[in-house]
Structures are given as structure tokens and as C-alpha cells.
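# Have a look at this prediction, sequence included:
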Amino acid sequence: KAGVTQTPRYLIKTRGQQVTLSCSPISGHRSVSWYQQTPGQGLQFLFEYFSETQRNKGNFPGRFSGRQFSNSRSEMNVSTLELGDSALYLCASSPVSGNQPQHFGDGTRLSIL
Amino acid sequence: DQQVKQNSPSLSVQEGRISILNCDYTNSMFDYFLWYKKYPAEGPTFLISISSIKDKNEDGRFTVFLNKSAKHLSLHIVPSQPGDSAVYFCAARGTLGDGGADGLTFGKGTHLIIQP
């Protein structure tokens, strides 16, 4: 069974640009969550999508947004990039939204110059 | 304010012995707890979880213990093997009013080193 797939694996952008990251969940999983990992703050929850609807959101500015498609694939967008957005962005999926394990992809490493 | 704390940044254990990783939490609304293992350049891998209605859950060499009154959980690995060397994250989540679950709140991780 294929795991969670994130593309691209690495990305370099400059300040002010925008970026879109993609996540394909495990087949049959309908919940997709996004996390940001930085050395200083650790792993922090960005948002969760279930059945194409945002279920909940972490404490991040509105520059961070996402969406989910009917096939459960999800995209995350960051606009007006700042140096502090340099991080590993991780996507996780689970069958439904609830108390079930989330399974993570290997992430997209975003570097802002 | 850190709601999930792993106070030991690193832990060294001899191969074959028991590894005990600890985690404390402050949010009494958390009702589901998980442990993940992470190798460099890979995403976290789910190990084991426990619901707040239980105080112990076992899966092979891994056992998680939950002490709700102390707001403390621990992961025991017996016996420890070289491949267990990795960073271990404790995570917790609460249930939302609509029955869904909140996002995972993670600790900062403990780097477990298994010595041959």
C-alpha cells in the first residue's frame, strides 16, 4: 500500500513569492493534515481537511492556506513568503477525522532566500 | 506555552536493555496520545497510541503507559535494538465539539541512541 506522497521534496524560493505544496494521502484516507517543522518551534499543526472542508486550523497567519480535492489530494499554499517560513512541511493522512493515527509523508523542505 | 513536554533531549541505552521515554502534558482536554519515531530526512513514523480510557497499550516490543492524574505518559521499548536509534516524538490531541479531533500537539522530541 503506497504511503503519503508529498511533492516536491525540496523547494527554494525568495521572499515575497508564493508557493504551492502537494500531498497525496494513503488510498482510502479522507483526512489530510499539514504541519510545519522548524528547529525552534518543533512540529506545529497548520490545518486539517476532511471531505474537502477545513475542519480545524492552527495558529498561523492567513498567508497559509490549503484546499482538498474530491479525490482527497490536498494542496497547501503560502503567499508573500518570509524568511521565517523556511521549514519542513509535513502532510499526514488518516481514514477519517478523529482519534486515529495520522500517517506522515516525508515532507517538502522549503528554503527561503 | 508548551502543552506537551519531553524533558530529555537525548537518552543513551545499551542494546538489549529497556528504553524508557517520558512525556508530560498540561492540557486536560487531551484524550488521545501517540508516539512517533523519526529518522533524518524522513517523515515521522507512527509507533503506538493510547486513548485516555486506557492506562496501558502494548504492541510487540513497544508499550505505552498513561497516568492521567499525573498527566504523564511513557514509552517502553524492550529489548532495545540498534535500529531503534532515532528521534521519538510524543503527540496528543483533543476531541472537538463536533466529534472530530483537533490537530496533533507535539513535544520537541527525545533522541534515543542505542549503544552496541
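Arrived safely.
# okay, how far is it across stretch B:50-70, tip to tip?
In stretch B:50-70, first residue to last residue: 16 Å (CA to CA, to the nearest Å).
# Any residue of that stretch touching chain A?
Yes: judged by CB under 8 Å from any CB of the partner chain, stretch B:50-70 and chain A are in contact via B:Ser51. Quick note: C-beta positions are derived from backbone N, CA and C, even for glycine.
# Report the distance from that stretch to the chain centre.
Distance, stretch centre to chain centre, for stretch B:50-70: 10 Å (CA atoms, centre = their mean, to the nearest Å).
# Please list the residues outside that stretch that contact it.
A:99, B:24, B:30-35, B:47-49, B:72-79, B:81 (CB atoms under 8 Å, 6 or more residues apart in numbering or on different chains).
# Below-threshold pLDDT in the chain: ranges please.
With no chain named, the answer covers chain A. Within chain A, the stretches with pLDDT under 70 are A:1.
# that answer is for a different chain, and I need it for chain B
B:97-100.
# How about the residues of it by chain A?
Counting by CB under 8 Å from any CB, chain B sits next to chain A at B:31-32, B:34, B:36, B:41-46, B:49, B:51, B:89, B:91, B:93, B:95-96, B:99-109.
# what sits against residue 81?
No chain in the question, so chain A it is. A:Lys13, A:Thr14, A:Arg15, A:Gly16, A:Gln17, A:Gln18, A:Val19, A:Ile112.
# nope, chain B please
B:Glu15, B:Arg61, B:Ile114.
# 10 Å instead?
B:Glu15, B:Gly16, B:Ser19, B:Arg61, B:Ile114 (CB atoms under 10 Å, 6 or more residues apart in numbering or on different chains).
# Could I get the full set of helices for chain A?
Taking DSSP state H, chain A contains no helices at all.
# which residues of it fall in strands?
Ranges of strands in chain A, per DSSP state E, are A:5-7, A:10-13, A:19-24, A:31-38, A:42-50, A:53-57, A:64-68, A:74-78, A:87-94, A:103-104, A:108-112.
# can you list those strands in TSV and add mean neighbour count and distance to chain B?
Shown next, in TSV, are the strands of chain A (neighbours: other CB atoms under 10 Å in any protein chain shown; distance: least, CB to the nearest CB, whole Å):
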stretch	mean neighbour count	distance to chain B
strand A:5-7	16	8
strand A:10-13	13	11
strand A:19-24	19	11
strand A:31-38	24	6
strand A:42-50	22	3
strand A:53-57	15	5
strand A:64-68	19	12
strand A:74-78	21	14
strand A:87-94	24	6
strand A:103-104	22	4
strand A:108-112	18	9
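# Let me have those strands in JSON lines, extended by distance to B:Gln6.
Below are these laid out as JSON lines (distance: least, CB to CB, whole Å):
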{"stretch": "strand A:5-7", "distance to B:Gln6": "25"}
{"stretch": "strand A:10-13", "distance to B:Gln6": "28"}
{"stretch": "strand A:19-24", "distance to B:Gln6": "27"}
{"stretch": "strand A:31-38", "distance to B:Gln6": "15"}
{"stretch": "strand A:42-50", "distance to B:Gln6": "10"}
{"stretch": "strand A:53-57", "distance to B:Gln6": "24"}
{"stretch": "strand A:64-68", "distance to B:Gln6": "26"}
{"stretch": "strand A:74-78", "distance to B:Gln6": "27"}
{"stretch": "strand A:87-94", "distance to B:Gln6": "18"}
{"stretch": "strand A:103-104", "distance to B:Gln6": "18"}
{"stretch": "strand A:108-112", "distance to B:Gln6": "23"}
